[in-house]
Structure formats: C-alpha cells, structure tokens
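Engineer: Dropping the sequence and predicted coords here.
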2 protein chains.
Amino acid sequence: MKAPNLPELVLKYCQDKALFCNGDKVLVAVSGGADSLVLLDCLLAIKQNLGLELGVGHVDHDLRPESADDAANVKNHAENLGLAVLVTKVNIWEKAPTKATLEQAARGARYEALQQMARQFRATKIATGHSQTDQAETVLMRMIRGTGPLGLGGISPFRKDNVVRPLLSVSRDEIMAWATAKDLPIREDSTNQDTQYLRNRIRAELLPLLKTYNPQIESSLAELAEDFQDLGLWLLSQLPELKQNQDAKVVITKNQIDQCPPTLRPYMLAAAFHQASGAPLGLSRPHVLTLVDLATGPSSRQAHLPRRVIAQNVKGDLELFQDLEGPPPGSARRNSGPN
Amino acid sequence: MKAPNLPELVLKYCQDKALFCNGDKVLVAVSGGADSLVLLDCLLAIKQNLGLELGVGHVDHDLRPESADDAANVKNHAENLGLAVLVTKVNIWEKAPTKATLEQAARGARYEALQQMARQFRATKIATGHSQTDQAETVLMRMIRGTGPLGLGGISPFRKDNVVRPLLSVSRDEIMAWATAKDLPIREDSTNQDTQYLRNRIRAELLPLLKTYNPQIESSLAELAEDFQDLGLWLLSQLPELKQNQDAKVVITKNQIDQCPPTLRPYMLAAAFHQASGAPLGLSRPHVLTLVDLATGPSSRQAHLPRRVIAQNVKGDLELFQDLEGPPPGSARRNSGPN
C-alpha cells in the first residue's frame, strides 16, 4: 500500500479534535510496540506546529522475561532522540489475585503509573498510541458483548484526566508501513495473544472477514464511533448536573429521575456510573437496565456494578459510590435484595 | 433447541410496541416462506387477545417458474384457514431496467401491491414477517456500508404507512423450529441467494462467526436497534418541524440550519430526506455529509441523492424533493456543481 504522510494526518486530527494547547508538555506513553513508536515519531515531527514539549514514559509490567529489555530499548531510543525518559516498574500480581482479572489490573496499573510519571515530568497531557484499528476492534467488541449508543463511542480521543489519543485516525496497516519505512526499533508484546481473547479473535478473524465486504471497514467503524462520541457528549449536555453528597456519593434525586424523559434515563444513569467510577463511558446494556430497574423500583434495594460501584435506592433517590474496601471484583457482579 | 411459545412472545412484542389497535383489520403479507407462514400462524393464535380481523395478501413477483405454484400454495393455505386472500401479480422488469436495480424495484413493487390489496381489503394495518435475524442482518449491513445512529435503528417495528413487523423479537431459528413443529407448508424463495449479495454473505458467514463469540448476538443486535429507534424518535422530536412549500418541496430554512446545534444537523437533514422520499430513516453517512456540506456551503448548488431525491441550496435555504420524472436512478448518484 502507498503509505500516507502520517505526521500530516496526525496533525490534522490533533487540530480537528483540539487535543493539545500551545505550550503543552506531553508525556508520550511508549511500550516499544509499533503503535507507540510511530506515535512518538509523529509527535516529534509536528511538535513545533503544535507548540509541544515531549517526554517519554514507559511502564514495565514485569510480566515477561524480556520486559527489562523492552524497557532498555525504549530508554535507549528516547535518549538517542534527546528526550527525557521515565520508566516505572509495576507489580500487577499484587493487584490481580486471579489470571481473569489480570488484564484489567494491568490496565489500571499502567494508567496509574503514567499519571505518576506525568506528575514527575510536570506533563499537562499524556498521549497513548491507540489506533483506528483499536477503535474498530473496540466498537465491534462492545457490539458483540452488548452495548448502547454511548458504548459505541468506543475509545475517546480525550479523557477528563488529560489522556489524549492522537493516532485514532490512523490504521494499524498504516502504522506498520510507517514503522518499517522509518526503520523504528519495534518490539512487540508477546503476551498480547494470551490476555485479551475476544479482541484477538476480532483481530484475527472478524476484521479480516469484514474487510472482504468493505475494504474501508476500519475507517467506517471509526467514523461511527466519532458520530457516537459527538452524540454522547450532546446527550450528556442535555442532562441535569449530578451532585455528590457529603459522603462523596453521586446522587440522582427522585425528582431528576421523574423529570428525565424515559428515552434519556439510561444515559443519565450511565453518566452517574461514569462519574462514580471514573470509568470510560459505555456501561453494558444489562448493567444499564439494572440501574433503570433500581431507579424506578421500590426503595432500599442495591445493585453491584463493575469497578466495585454500588448503586442503591434510598427513598427514591439513587446513590452511586465506589466501594474500594468491599469484597474483590470476582464476587461482586450480582444483584442483592434489601439489606 | 427448546422451542419457545412464539404466539406468546409475539403477543408481548405487539403489546409493548402498541403495534395494533383493538378492531384493526390486518392484511398479513404472506410470501409462503417460513417467516410469513409463522407470522400468520402466530397472529391467528393471538387475534382474539388483540381484537384483530385477519386477511392474507400475496405478491407474485413472477420472477421464477415456480412463482404461480407459490401463489396457489398460499391461496390454498389461507382458504383452509378460512381467511380472505388476495393475490397480485406484478411485473418487476418494467420497473427495473437493469439487474442491479432489481431488488429495489421488487421491494417497491411489493409494498405498492400490498398497499393496494390493503385498500381493497379495507385493512387498517399491513403485517410483514421480518424477524430478529433480519434485524440483526440489517444492522450489520448498515454498519458495514457505513451509517449513522439513525441507520442503526434498522427495521422499524412500525412505519407511517401502517406497515407493522410483529416478528421482530423472534429469531429465524425459532421460526424454523416453530414451522417444523406445526408442519406449516413452507416454500422457500430460491432467488434469495442471487439477489442480495451482501445480506447473503452476512447470513452465511458473518452471523455464524459472531455467534461463536456471543450465542445471543442476534438479540444483542436487535436490542441495539431498539435503543437506536428510541433515541432516533426522541432526537427527531427535538428538531424543528420541517414545512413543505407550495411546490411540495421540503424546506429547511437558513435560520433553522443556523439555530440547530451542529451535532443535530445530520439528524435534521436525514429527517428532511426521509420526509421528501418516504424512505425509512437511515441515509448513508456519505449522503448525510453531502447534505451537511450543501446546507452550510454556498448557494445555488445541488446534490442528487438516492430515491431520486434532489437537494438544492436556494439562498441558504435547503430544498429537498423527489424528481420522479428525472433521469433513471443508475445515473443519479453524483454531485453536480451550480446549474
């Protein structure tokens, strides 16, 4: 394929989505895979256009024998480029008691470590290498697991905690072509194939099949995600502001529930979950229905949601809070009766 | 699989979606395939619950040698059930000059013939046998071709022209199991495999693959479609009412365009297309973008859209109308400059 000029594409995307402000200090999250090395390469090429200062952060998950070499490789590459570089080693096993919870724990630990390095580097933004292909896979994964309109927004180009994704308009094929052309020192993560079963099947089987129907399927799905991001932000802007009470619980009053048009209630409830958990938008449909049921049903009932969020109906008001002291996540996905 | 009680499922769906009013006279569209025979069987079983009177309509497309036998089979079955039955033969080739336009012409002719039989029968509703599986296929087809949130609403359970789809909550597997258990005289349409290439690949390859990821994928996709139908109806209810001028053209004034939040503009434009064409909601994304471009760009430009709809910018107002006298559809999918 003819490789497009990626820095130009990335610059346009950053400008369209206003991902950066002039003067931003950016910690670029670099795992050492193609995505993150191409992200770094593109940001270096356009940093003057956007007025950015760059530094590199690497998280060593210490899950594989070669992880120390990966870290050394990133450090070496960044130093050759004359960039400040920080490496943080995290111990996932402490946070993930079972293999089933490993992926989520690794994700949580990675973002926590990146935020810590960002503070150390005095960064105003953290940039990650999520691509258009990741976006397409995420949309498909959400669709397969069951989701609503907010979930189809997929990976957001920016989050409240200053994480931005400048590569979302670039496909993995384009990334690989660019990495090869620029001879970037790629080291791929060999655990990818073990840890995320559904995403890997989507990558290996589903996307290739969909490409035979529509060669542009990745950008079609990414455009769909953009439409849903826009629509989701607008929908949320139409909802009443949700307050936190003196115990830091997010509260939706009975009055707010009654006044909300039934069509918008699921979105109001998903927004409350989002506010209580800090999780990305896109609660699964069954969980949203659980919340609708709880909000419109009798008082004193409780529901346990992902990310240790507990929702309870207190005299018609709905309260949501994260119970980080409670039982481990494995035992938490159930609805309990009155207690 | 254990066959669920389909009439019970269908009754619940009809009630939830308020598809019928007590006293409705319903023309059931029966091709003679499993879907339509099961539809008829279920409606017969629940007609007293809903207060319905039933009659049967069959459209003979006259495209295959066995089509007269199909018609006789439906007539015979309906008469055995003691139902009034109407058969209309249509000549598709007159309306479809090329094979590429055959499917759309057949669809148009079928609905036209059904409307005509409904008038003859003095029916207040027309029921068609679209299933949950059709719904899932439609959502996937729209997603593959590229669509926005309205398009993901898929097949609507009711249309403005009194067409209703009582089987949308029932999967094809459930339909086949029911048809077999009740020994219904099914005759499948052998042209199915020729006429709708993408839908047939979705049926043969994509849905089976998706089922290996999530055995409930059909109902997940159907639920997604329901969410989008609800959201679409609500979004449309938030938009200004669009007027038709003295030439029966749908007009969006410059003022309406300016006042509409940018996020909602695509929905306003899709609604105008819907009103001008009578087509189901779900204009493709490229066509919506063409309309956005036309509405917000310079005056005197024109765009040709599907279903022979022409959109033009007249001093900042946007006018949409169906040009049934214009050039045939094959030549109409282009944008022209000022004229």
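Structural biologist: Thanks, I have the structure now.
Engineer: C-alpha only now, for contacts and for neighbours.
Structural biologist: OK.
Engineer: roughly how far apart are A:Ala270 and chain B?
Structural biologist: Noted for A:Ala270: a distance of 14 Å to chain B, by C-alpha to the nearest C-alpha, to the nearest Å.
Engineer: Shouldn't that residue be within a helix?
Structural biologist: Yes - when DSSP: H, G, I helix; E, B strand; the rest coil is applied, A:Ala270 is found to be in a helix.
Engineer: What about it, how many residues nearby?
Structural biologist: Counted with other C-alpha atoms under 10 Å in any protein chain shown, residues neighbouring A:Ala270 total 24.
Engineer: Quick check: residues of the stretch 201-339 of chain A near chain B?
Structural biologist: When proximity is defined by C-alpha under 8 Å from any C-alpha of the partner chain, the stretch 201-339 of chain A lies next to chain B at A:206, A:209-210, A:213-214, A:217, A:220-221, A:224, A:227-228, A:230-231, A:234, A:263-264.
Engineer: switch the cut-off to 7 Å
Structural biologist: In this structure, the stretch 201-339 of chain A approaches chain B at residues A:Asn214, A:Ile217, A:Ser220, A:Leu224, A:Asp227, A:Asp230, A:Leu231, A:Thr263, judged by C-alpha under 7 Å from any C-alpha of the partner chain.
Engineer: Now render the residues you listed as CSV, adding secondary structure and neighbour count.
Structural biologist: Shown next, in CSV, are those (DSSP: H, G, I helix; E, B strand; the rest coil; neighbours: other C-alpha atoms under 10 Å in any protein chain shown):
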residue, secondary structure, neighbour count
A:Asn214, coil, 14
A:Ile217, helix, 21
A:Ser220, helix, 21
A:Leu224, helix, 23
A:Asp227, helix, 20
A:Asp230, helix, 15
A:Leu231, helix, 18
A:Thr263, helix, 15
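Engineer: can I get those residues in a markdown table with pLDDT and distance to B:His130?
Structural biologist: Below are these laid out as a markdown table (pLDDT from 0 to 100; distance: C-alpha to C-alpha, whole Å):
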| residue | pLDDT | distance to B:His130 |
| --- | --- | --- |
| A:Asn214 | 94 | 25 |
| A:Ile217 | 95 | 26 |
| A:Ser220 | 92 | 26 |
| A:Leu224 | 91 | 25 |
| A:Asp227 | 90 | 28 |
| A:Asp230 | 89 | 32 |
| A:Leu231 | 89 | 29 |
| A:Thr263 | 87 | 25 |
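Engineer: What segments of the stretch 1-150 of chain A are strands?
Structural biologist: A:25-29, A:53-60, A:84-89, A:125-127 (DSSP state E, counting those that start in this stretch).
Engineer: Chain B is nearest to which of the ones you listed?
Structural biologist: Nearest of these to chain B, taken as C-alpha to the nearest C-alpha: strand A:125-127 at 26.2 Å.
Engineer: List the buried residues of the closest one.
Structural biologist: Buried residues in strand A:125-127, defined by neighbour count with 16 or more other C-alpha atoms under 10 Å in any protein chain shown: A:Lys125, A:Ile126, A:Ala127.
Engineer: picking that back up, can you put the strands of the stretch 1-150 of chain A in a markdown table and add distance to B:Val139 and mean pLDDT?
Structural biologist: As requested, the strands of the stretch 1-150 of chain A are exported to a markdown table (distance: least, C-alpha to C-alpha, whole Å; pLDDT from 0 to 100):
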| stretch | distance to B:Val139 | mean pLDDT |
| --- | --- | --- |
| strand A:25-29 | 36 | 98 |
| strand A:53-60 | 40 | 96 |
| strand A:84-89 | 44 | 96 |
| strand A:125-127 | 34 | 98 |
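Engineer: Show me which positions of stretch A:207-222 end up buried.
Structural biologist: Residues of stretch A:207-222 classed as buried under the neighbour-count rule (16+ other C-alpha under 10 Å) are A:Leu207, A:Leu209, A:Leu210, A:Tyr213, A:Ile217, A:Glu218, A:Ser219, A:Ser220, A:Leu221, A:Ala222.
Engineer: actually stretch A:81-90, not the one I wrote
Structural biologist: For stretch A:81-90, the neighbour count (16+ other C-alpha under 10 Å) marks A:Leu83, A:Val85, A:Leu86, A:Val87, A:Lys89, A:Val90 as buried.
Engineer: for the second one, which residues make a bridge with it?
Structural biologist: When bridges are taken as DSSP bridges, the partners of A:Val85 come out as A:Val56.
Engineer: Contact partners for it?
Structural biologist: A:Val85 makes contact with A:Gly55, A:Val56, A:Gly57, A:Lys75, A:Ala78, according to C-alpha atoms under 7 Å, 6 or more residues apart in numbering or on different chains.
Engineer: Please produce a PyMOL select command covering the buried subset of these.
Structural biologist: Selecting just the buried residues from those in PyMOL takes one command, with 16+ other C-alpha under 10 Å as the test:
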select buried, chain A and resi 55+56+57+75+78
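Engineer: Of the contacts of A:Val85, just say which sits nearest to A:Val250.
Structural biologist: A:Gly57 (33.3 Å; C-alpha to C-alpha).
Engineer: That closest one reaches A:Ser31, doesn't it?
Structural biologist: No - the pair formed by A:Gly57 and A:Ser31 falls short of the contact definition of C-alpha atoms under 7 Å, at 8.4 Å.
Engineer: one step back: tell me which of the contacts of A:Val85 is nearest to A:Glu137?
Structural biologist: Of all the contacts of A:Val85, the one sitting nearest A:Glu137 is A:Gly57; the distance, using C-alpha to C-alpha, is 25.3 Å.
Engineer: Among the strands of the stretch 1-150 of chain A, single out whichever gets nearest to A:Lys47.
Structural biologist: Each of the strands of the stretch 1-150 of chain A was scored for nearness to A:Lys47 using C-alpha to C-alpha, and the closest is strand A:53-60 (6.9 Å).
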